[in-house]
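> Generate coordinates for the sequence data below:
(chains A and B)
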Amino acid sequence: MTRRILATLRRTAIHAGPTVLGIIVLDFLLLQLMPGDAADVIASESGVATAETMAALRERFGLDQPVLTQLMNFLGHLAQFDLGFSPRYNMSVADIIMSRLPGTVTLMVTALALALLLGIVAGSVMAAFAGRWPDRILSVVVLLFYSMPGFWVGLMAIVLFSVKLGWLPSDGSMTVGANLSGFALVWDRLDHLILPALALASFFIAVYARLVRASMLEVQRQDFMRTAHAKGLHPFFVQLRHALRNALIPVTTVAGMHLGNLLGGAVVIESLFGWPGMGRLALEAVLARDFSVLLGVLLLSSLLVIVANMAIDLLHAWLDPRIGAA
Amino acid sequence: MTAKFRTTRRAALVGASALALAGRLQAEAPKKGGTLNFMQNSEPQTLVPLTTTATPALTVGAKVSEGLLEYDFDIKPKPQLATEWSISPDGKTYTFKLRPNVKFHDGKPFTSADVAYSIQLLKTVHPRGRNTFANVTVVKTPDPLTAIFELSQPAPFLIKALAGAESPIVPKHVYEGTDPMANPNGNAPIGTGPYKFKEWVRGSHIIYERNPDYWGGPLPYVDRIVFKFLPDPGARSIAFENGSSDLGYRTPVALSDLERLKKVPSLRFTTDGTSYSYNVSTLQFNLDSQYFKNLKVRQAVAHAIDRELMIKTVMYGYATLCCSPIAPGLKEFHDPAPSPYKLDLKKAEALLDEAGFPRGDNKIRFKVPMDYNPIGDESRRAAEFTRAALGKIGIAVEVRAADPSAFVKRIYTDRDFDFTYNGHSNLFDPTVGVQRIYWSKNFKKGVPFSNGSHYDNPKVDALLEGAAVENDPVKRKEMFFEFQRIVAEEVPDIPVFSPLFLTIYNAKVHDHSLTADGVEGNLAHVWVDG
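Got it, this is the predicted structure:
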């Protein structure tokens, strides 16, 4: 078991290095294709410029250097685990990203956990009552979640829970300047987390529910299910231990791939809820043509996805012993 | 100044016989304490608008870094860090008496050395300061409380440029010997202002706290200002509705939401405190374009644009009709004469025929792409309005979208455009805000918001250059009127309207828009009920 896990880890780590390097170089080159540069953005925000300010800005951003030199500089810094400096924020890129990373990770992990939990519960219920009214009702709900974009779900949730009912806050990740501690602090954070996490999760809840329903129904017809029933096990445990465990393989596979999608969705949800995360940072960096920050975000995101895929591989190896052997 | 104001109010109270009046005045007495939740559309790059004039930095700047002067709604100067000032008759010497006993937040005294150093910095690193202070040869400091600006030529606009958000006075001891763009003061500023910097959580918020040692004591009233970053316009409307934001500047919500928000009982709206910076929105031609280099084509377009309908549909009525590059808000200089080209589609068609663009296949005269400056949310609607309007006279317009950086590069660096919907700030004076767009010497490739039309008229150049150094207000006004008449005739662009900016606030917030720059000012007087 341990050896198999180690082998999986080693294989993934070997793949990860070139993948990350490829992502960086490709990103860098793609970014060069975007019209306009950081100095243009700052001038357009200011609504005024002179030839001297433009030259000073370009020099400060290193934009007066040839493209290849810029790439080499970036890679050189990276080799020393230095993500560089953002003249726009007047801060090191690592500091900027680190200030945003916890927000995004919290949001993503909560959303994914919420999506898996609600999706699996809904899917199991639908499979257990296949064709009957609980299945029908849940199917409609799932279809709604599936077809409505996350930001719309988020907006409607804000209108309902924040504007009409006044139960939940509509923006930010905490009550600013409240100086809370202990339980009140945790409650305050949860209060702010629930709507964005739900909005981000809504689409994925639907995906997992349908996936679990389909694979549970497929598993029902397998021989080992008949054996389990024949042993006289309680139907609930048959479903939980035999049916669900097997139905989880496709769900975890898909969930691993969805992590990247969640990062993409986070851009929209974070903007909508004023959530201080990396998705919004990435969007701001694109609009600002702040390539040092953007490359940092992309690098970290790709690492995040690679780590998540590694975790999924390990999870698979545990769920189905046959997988790791391949 | 403040003290005097308060005495008068008290005197009025004593004189008042009716109890009801006393009661009302009492209800208006400022309350101490509380938090002001300030809506910040987007995160600023820096908290000191020294090397940038980006709007997000302007709203956070002056609370900490004050200016020499502040201005009433008509841009008449009032004391801030300077208590008295005088301008010599030849307009070349400005003498400022500085406020005594003012301390920076780190305890060091504020002196004329800080003023001299700040003006020098503004002259070298501020995007506008380079032009505003171009004529300032030296700032003399005969004693710690006197600063004298010596100018090579008169600069009649200079006295209006000294607000905190435009020309912040920064501590010399913090900036001396450093790169001003990289100075840590931009991230954690020290100033003389009513609020002290407390924290900046990137991506989330900024907190300023009351400065107990403020020179204007007992001001300020509120304990804390929280600037929350809300990048989504929909979320901003909601933040006003549910009361999580108290104050927002320059119409921070989508214009289409205003109707709904006006029905929310807790919300108030004002246009006070927006006179320091008027914008004019224009259809700007590229005079190098094969179509628009022809005066008749430009006149035809002018004849086809219905400004009133445009204000109604594109701006939901929140704009003032404007046929001049100088906004109606700058009353001193604005020429209210209507455009020489009235709405007249028949005449437009005739002009296009004369210009050699007859209707051809599908009754189309020619096809032309149009760009728009994406900085405001009305821009796209304005471009689409133009497409519909010009469609009627046989010009097929194709609207092109771009983000701010791509737009700026296309118009000013690549010059790969025919015409565009654009907006320019007039600021507080036409020499600062308008000259740059029409002055042929400011046609500079790669410099955003320069002379984008490539307009070149020696007579206009002479008028603009003359007005920039004309000390006699009457003559200066005449020069600007003459300038407006010429550009109205020659239509290098078609000014359409000047947007009305609304400050939206919760009824519990008081005394926030008392100066020309309103919410961009130092907010020393603001107070919050309950």
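
> Domain map for chain B?
For chain B, automatic domain parsing gives the domain ranges B:3-46+B:196-274+B:502-528, B:69-175, B:278-499.

> Give me the contact status of the shortest one with chain A.
Think domain B:69-175. Yes. Judged by C-beta under 8 Å from any C-beta of the partner chain, domain B:69-175 and chain A are in contact via B:Val125, B:Pro127, B:Arg128, B:Arg130, B:Asn131. In short, each C-beta sits where N, CA and C put it, glycine included.

> Which of these ranks first by neighbour count?
The most neighbours of any of those, using other C-beta atoms under 10 Å in any protein chain shown, belong to B:Pro127, which has 27 neighbours.

> pLDDT wise, what is that one at?
In the prediction, the pLDDT value recorded for B:Pro127 is 87.

> swap in A:Gln239?
79.

> where's it relative to chain B, distance?
From A:Gln239 across to chain B, the span is 42 Å (C-beta to the nearest C-beta, to the nearest Å).

> Touching, that residue and A:Phe129? I think so.
No. In this structure, A:Gln239 is not within contact of A:Phe129 by C-beta atoms under 8 Å, at 11.8 Å.

> So for the two, which sits in the more crowded spot?
Using other C-beta under 10 Å as the criterion, A:Gln239 and A:Phe129 rank with A:Gln239 on top: 21 against 14.

> distance of the more buried one from A:Leu315?
Look at A:Gln239 and A:Leu315: by C-beta to C-beta, to the nearest Å, they are 20 Å apart.

> The closest residue to B:Ser289 other than its chain neighbours: what's it in contact with?
Once flanking residues are discounted, B:Ser289 sits nearest to B:Asp418: 4.2 Å by C-beta to C-beta, 6 or more residues apart in numbering or on different chains. With contact set as C-beta atoms under 8 Å, 6 or more residues apart in numbering or on different chains, B:Asp418 has these partners: B:Phe285, B:Asn286, B:Ser289, B:Tyr291, B:Phe292, B:Val368, B:Pro369, B:Met370.

> so what's A:Leu143 closest to, chain neighbours aside?
Leaving aside its sequence neighbours, A:Leu143 sits nearest to A:Ala206 (C-beta to C-beta, 6+ apart; 7.3 Å).

> ok so that neighbour is a helix residue?
Yes. Counting by DSSP: H, G, I helix; E, B strand; the rest coil, one finds A:Ala206 located in a helix.

> Count the residues that sit near it.
A:Ala206 has 24 nearby residues by other C-beta under 10 Å.

> now swap in A:Val67 and tell me
Using other C-beta under 10 Å, A:Val67 has 11 neighbouring residues.

> How about A:Thr53?
A:Thr53 has 25 nearby residues by other C-beta under 10 Å.

> In what element of secondary structure is it found?
Counting by DSSP states H and E, the element that carries A:Thr53 is helix A:51-61.

> could you give me the average pLDDT of that helix?
85.

> is it up against chain B anywhere?
Yes. Using C-beta under 8 Å from any C-beta, helix A:51-61 comes into contact with chain B via A:Ala51, A:Glu52, A:Thr53, A:Met54, A:Ala56, A:Arg60.

> Nearest to chain A among the contacts of B:Asp418?
Taking C-beta to the nearest C-beta as the measure, chain A lies nearest B:Pro369 of the contacts of B:Asp418, at 14.8 Å.

> Now the residue positioned nearest the centre of chain B. Its backbone dihedrals?
Residue closest to the average C-alpha location in chain B (C-alpha atoms, centre = their mean): B:Ser277, at 2.8 Å. The phi/psi pair for B:Ser277 (degrees, to the nearest 10) reads phi -150, psi 100.

> That one is in contact with B:His424, isn't it?
No. Using C-beta under 8 Å as the test, B:Ser277 is too far from B:His424 to be in contact (10.7 Å).

> what's the neighbour count on residue 60?
Went with chain A since none was named. Counted with other C-beta under 10 Å, A:Arg60 comes out at 18.

> Hmm, no, I was thinking of chain B.
27.

> Residue of the stretch 101-250 of chain B nearest chain A, please.
Shortest the stretch 101-250 of chain B-to-chain A distance, computed as C-beta to the nearest C-beta: residue-wise this is B:Gly203, at 3.2 Å.

> before we move on, what about the stretch 1-150 of chain B?
B:Ala54 (3.8 Å).

> thinking again about what came up before, could you redo the residues of domain B:69-175 next to chain A as JSON lines and give each row secondary structure?
Supplementary listing: those in JSON lines, determined by three-state DSSP:
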{"residue": "B:Val125", "secondary structure": "helix"}
{"residue": "B:Pro127", "secondary structure": "coil"}
{"residue": "B:Arg128", "secondary structure": "coil"}
{"residue": "B:Arg130", "secondary structure": "helix"}
{"residue": "B:Asn131", "secondary structure": "helix"}
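
> can you tell me which two in the residues you listed are farthest apart?
B:Val125 and B:Asn131 (12.8 Å; C-beta to C-beta).

> Give the next helix or strand downstream of the longest helix anywhere in chain B.
Counting residues, the longest helix found in chain B (DSSP state H) is helix B:473-490. Using DSSP H and E, the next helix or strand after helix B:473-490 towards the C-terminus is strand B:493-499.

> how much distance is there from that following strand to the middle of the chain?
16 Å (C-alpha atoms, centre = their mean, to the nearest Å).

> Let's see it as PDB, backbone CA atoms only.
Output in PDB follows, covering the C-alpha atoms of strand B:493-499 (Å, rounded to 0.1, in the frame of the first residue of the first chain):
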ATOM      1  CA  ASP B 493     -14.800  65.900 -32.300                       C
ATOM      2  CA  ILE B 494     -18.400  66.200 -31.400                       C
ATOM      3  CA  PRO B 495     -18.900  67.000 -27.700                       C
ATOM      4  CA  VAL B 496     -22.200  65.500 -26.700                       C
ATOM      5  CA  PHE B 497     -22.800  65.800 -23.000                       C
ATOM      6  CA  SER B 498     -21.200  66.300 -19.600                       C
ATOM      7  CA  PRO B 499     -22.200  63.400 -17.200                       C
END
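
> ok, then the element right after the helix or strand where A:Arg136 lies?
Secondary structure from DSSP H and E places A:Arg136 in helix A:133-147. Going down the chain from helix A:133-147, the next helix or strand is helix A:150-157, by DSSP H and E.

> Just put the residues of helix A:51-61 next to chain B in TSV and tack on distance to B:Glu384.
Output for the residues of helix A:51-61 next to chain B, formatted as TSV (distance: C-beta to C-beta, whole Å):
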residue	distance to B:Glu384
A:Ala51	34
A:Glu52	37
A:Thr53	33
A:Met54	31
A:Ala56	37
A:Arg60	38
